[in-house]
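A.B. asks: starting from these lines, generate the structure:
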Amino acid sequence: MGLQPRNREGRSVDPVPFLVVTGLAFMILLSFGPLYGQALGVALEIAIGVSFSLFLVLSVTAYYWQVWTARPADVSAPASVRGVRLFYLMAVLAALGVVLALPFLR
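C.D. replies: Down below sits the predicted model:
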């Protein structure tokens with residue numbers, strides 16, 4: 001049906017974790033990166049360029065970790081454990097958003 005990424009062994013890998021990490025990295029780095037860059041006295045164009053470069057590095061790293069070297073048969077955590085992990089990760093992401101926004105509240 002759609003594009004199914006394959007790991008280095010040629011087996012299909014679930015693309016959702018990679019897409020979520022990449023999307024969150026894009027959202028956070030390109031939302032807060034230029035603001036922090038300008039707060040530090042960097043030109044907007046350079047701050048956007050640095051943020052986008054960091055996004056690319058993180059995306060390549062996430063692809064390597066979550067697609068290229070992934071082993072789908074090794075995923076054996078029960079749904080309850082994955083649900084608890086997801087809940088904690090959502091709390092961490094919300095806290096990260098608040099912490100990143102704190103310097104801009106006046």
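
A.B. asks: what residues are up against the residue nearest the centre of the chain?
C.D. replies: Taking Cα atoms, centre = their mean as the criterion, Val21 is the residue nearest the geometric centre of the chain, at 2.8 Å. Applying Cβ atoms under 8 Å, 6 or more residues apart in numbering, we find Val21 in contact with Leu58, Ala62, Gln66. In short, each C-beta sits where N, CA and C put it, glycine included.

A.B. asks: and for Val98, the neighbour number?
C.D. replies: The burial count assigned to Val98 is 10, neighbours taken as other Cβ atoms under 10 Å.

A.B. asks: okay, how far is it across stretch 7-19, tip to tip?
C.D. replies: Using Cα to Cα, to the nearest Å, the end-to-end distance of stretch 7-19 comes to 15 Å.

A.B. asks: before we move on, back to that, so which of the contacts of Val21 belong to helices?
C.D. replies: Counting by DSSP state H, the contacts of Val21 place Leu58, Ala62 in helices.
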